[in-house]
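Chemist: Return atomic coordinates for the entry below.
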Amino acid sequence: MERSGDNSLDLLVCVVNRYGSDVAKVGGFAIPGFVITMIWFVVIILFIILLAYIVHRLGGASFTFKVGHFNLQIGVN
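Modeler: Model prediction:
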């Protein structure tokens, strides 16, 4: 755990370690790229859930797409 000597405001720095894998340096601690990827997946899933909740609270939505004999209808509430 190497901490920088200067008091800069760099909270997140992405670097490549000596083994060639990506790591993120947060406050002087190294976090593996896999963990950062999993955190992003969780953030994206929570964002989709939040959007679904907002649409639900606003009364739902409907989408109709027609091209020739093709008819697609999607509705959520």
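
Chemist: can we go C-alpha only for contacts and neighbour counts from here?
Modeler: Fine.

Chemist: Pull out the buried positions in the helix or strand harbouring Ile54.
Modeler: In this structure, Ile54 sits in helix 33-57 according to DSSP states H and E. For helix 33-57, burial by neighbour count (16 or more other Cα atoms under 10 Å) applies to Gly33.

Chemist: Could you shift the numbering so residue one becomes 636, and keep it that way?
Modeler: Yes, from this point I'll number from 636; that puts the last item at helix 668-692.

Chemist: continuing past that helix, what's the next helix or strand?
Modeler: Immediately after helix 668-692, counting by DSSP H and E, sits strand 696-702.

Chemist: Only C-alpha atoms, please: export stretch 687-695 in CSV.
Modeler: C-alpha atoms of stretch 687-695 as CSV (Å, rounded to 0.1, in the frame of the first residue of the first chain):
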residue,chain,number,x,y,z
ALA,A,687,-38.4,1.4,-13.9
TYR,A,688,-39.6,2.8,-10.6
ILE,A,689,-39.9,6.3,-12.0
VAL,A,690,-41.9,5.1,-15.0
HIS,A,691,-44.1,3.1,-12.6
ARG,A,692,-44.8,6.1,-10.4
LEU,A,693,-45.6,8.3,-13.4
GLY,A,694,-48.3,5.9,-14.5
GLY,A,695,-46.6,3.7,-16.9
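
Chemist: how distant is it from the center of its chain?
Modeler: Centre-to-centre, stretch 687-695 and its host chain are 21 Å apart (Cα atoms, centre = their mean, to the nearest Å).
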